[in-house]
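Novice: Prediction below, plus the sequence it came from.
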Amino acid sequence: MRLLLSIAASALFATSALAIDLPDPKSPNYRELPLNIADKGTIYQTIKTSKTEVRDGKTKVTSSHSRYRNDFTATDAGYKVKKTLVAFTVTGADGQTIDQNAKTPEAIFLKTLTGAFAELTYIGDEGLAPQRLEDWPNLWKSTRALIGATLRADGKTPTPETEAQVMGMMDKMFGNLTPEQAAQTFLQPDTMIAMPHNLALEINKPLSADSEIIVPLGNYPLTVSETFVITHWNAAGNTAQVTYDYRPQPESLKAFMYEFLPKFLKDAGAPAAAIAEMEAAMKANPGNVFDISTHCDYDMAIDTGLVRQGKCTRITTVSLMGQSSSKTEIYDFTESFVP
């Protein structure tokens, strides 16, 4: 049950172009935040994440801190970006910290897994938002091999049935992703950072719209509501504050959970008993079985359009069979021309 819910939660965050009416450029409150970068250059990112999971009355907290170098080159439709992981630390629920210099077996495995995504290239739009992950088939092939190695970590010998079930589900989730879907799935922080790039709004006038995203899990079309606001503009201080809110529409989310997900999991080879248990629990509690929302705050540099400091908080809640669980993910990030 928990595995199925985790799969559903991890697959829901994605983005799409907003279908919106443009703000009035003639308004005295109209402001623009163009991304002012050259045709070729480098942007340095820091990304800190923390994840707090509450389940069965128990709390688990994990975190990470990563630094990236993004070398970009202009293309006809945007930018080609070579993304390189410069350094990272990961802190587990037990408080153990692993970095690139750690030598324990767990650290070696984590570094191997991280290495699969330590250097990659993606195609971004004019705001550097990831649109397509290059060489995705080979990247997935190497990642899949590492997932298989995980099953045998510490001398474990999974049964052929268990291995086939796990790998079959992984293939169903990620193996059929297009390069476009892979970019949205594996470059979520980059998408968050890029969202306020090239923004044009009227100060304190929310710009809201419904849009359709394609959930990578089964290519399901989900309707979401999104809102941007420029809340503060200080030209003298070269700073602007922007907020962003994102939430799936209830009816669309309900259709995903009640109609699509059980069939998808069945086709993926999930245990019939687990699927039946999940369906029975959702029918017994037709209310807020599952919910997810994201809120972001940005401090923007007006002259460059870069994110001086940003923070996105995504909250996921699940309520089934009289029990509830929640996951709070916090992303803190910066981008700069200076390392």
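Specialist: That came through fine. Numbers count the residues shown, from 1 in each chain.
Novice: Look up the closest residue to Leu207, ignoring the ones flanking it.
Specialist: Excluding the flanking residues, the one nearest Leu207 by C-beta to C-beta, 6 or more residues apart in numbering is Phe228, at 4.9 Å. For every residue, glycine as well, the C-beta is placed using N, CA and C.
Novice: Quick check: which helices or strands does the helix or strand that contains Pro137 pack against?
Specialist: With secondary structure defined by DSSP states H and E, Pro137 is part of helix 136-151. Helix 136-151 is packed against helix 105-115, helix 160-170, helix 179-186, with contacts defined by 3 or more C-beta pairs under 8 Å, 6 or more residues apart in numbering; DSSP states H and E.
Novice: rewinding a little: could you grab the helix/strand/coil label for the residue nearest to Leu207?
Specialist: strand (DSSP: H, G, I helix; E, B strand; the rest coil).
Novice: can I assume it is in contact with Ala200?
Specialist: No: applying C-beta atoms under 8 Å as the test, Phe228 and Ala200 come out as separate, 9.9 Å apart.
Novice: The two: which is more packed in?
Specialist: More crowded of Phe228 and Ala200, by other C-beta atoms under 10 Å: Phe228, with 23 against 15.
Novice: what are the bridge partners for the more buried one, then?
Specialist: Assessed by DSSP bridges, Phe228 has beta-bridge partners Leu207, Tyr244.
Novice: Distance check, it against Gly175.
Specialist: Per C-beta to C-beta, to the nearest Å, Phe228 is found 34 Å from Gly175.
Novice: Tell me which residues are up against the helix holding Pro137.
Specialist: 109, 112-113, 116-117, 120, 133, 158, 162-163, 166-167, 170-171, 174-175, 177-179, 182 (C-beta atoms under 8 Å, 6 or more residues apart in numbering).
Novice: for Ser66, what are its contacts?
Specialist: 46-48, 85, 87-89.
Novice: coming back round to it: mind listing what's buried along the helix holding Pro137?
Specialist: 136, 139-140, 143-144 (16 or more other C-beta atoms under 10 Å).
Novice: neighbours around Tyr244, how many?
Specialist: 19.
Novice: wait, isn't it in contact with Ile193?
Specialist: No: with contact defined as C-beta under 8 Å, Tyr244 and Ile193 do not form a contacting pair (11.3 Å).
Novice: Out of the buried residues of helix 136-151, flag the one nearest to Met278.
Specialist: Arg144 (26.1 Å; C-beta to C-beta).
Novice: Distance of that closest one relative to Phe186?
Specialist: Taking C-beta to C-beta, one finds Arg144 at 14 Å from Phe186.
Novice: List the strands paired with the helix or strand encompassing Ile292, with their directions.
Specialist: Assigned by DSSP H and E, Ile292 belongs to strand 290-301. If you go by DSSP bridges, strand 290-301 pairs up with strand 239-248 (antiparallel), strand 307-320 (antiparallel).
Novice: tell me which residues of it are tucked away?
Specialist: 290, 292, 294, 296, 298-301.
Novice: how about those residues in CSV, adding pLDDT?
Specialist: Conversion of those to CSV gives the following (pLDDT from 0 to 100):
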residue, pLDDT
Phe290, 72
Ile292, 82
Thr294, 93
Cys296, 98
Tyr298, 98
Asp299, 98
Met300, 98
Ala301, 98
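Novice: tally of neighbours for Asp24?
Specialist: Counted with other C-beta under 10 Å, the neighbours of Asp24 add up to 11.
Novice: what number of residues lie near Tyr236?
Specialist: Heads up, residue 236 is Ala, not Tyr. Using other C-beta under 10 Å, Ala236 has 6 neighbouring residues.
Novice: Please apply the same query to Ala280.
Specialist: Ala280 has 12 nearby residues by other C-beta under 10 Å.
Novice: Which other helices and strands does whatever helix or strand it lives in contact?
Specialist: Here Ala280, judged by DSSP H and E, is contained in helix 272-284. Using 3+ C-beta pairs under 8 Å, 6+ apart, the elements in contact with helix 272-284 are helix 2-10, helix 261-267, strand 307-320.
Novice: Now restrict the contacts of helix 136-151 to buried residues only.
Specialist: 109, 116, 120, 133, 166-167, 170, 174, 177, 179, 182.
Novice: out of everything not next to it in sequence, what's closest to Gly92?
Specialist: Excluding the flanking residues, the one nearest Gly92 by C-beta to C-beta, 6+ apart is Thr62, at 5.8 Å.
Novice: these two touch, right, that neighbour and Asp94?
Specialist: No: proximity of Thr62 to Asp94 does not meet the contact threshold set by C-beta under 8 Å, at 9.5 Å.
Novice: The two: which is more packed in?
Specialist: Using other C-beta under 10 Å as the criterion, Thr62 and Asp94 rank with Thr62 on top: 16 against 8.
Novice: So which bits of whichever helix or strand the more buried one is part of are buried?
Specialist: Thr62 is part of strand 58-74 when elements are defined by DSSP H and E. By 16+ other C-beta under 10 Å, the buried positions in strand 58-74 come out as 62-68, 70, 72.
Novice: Brilliant, that's me finished.
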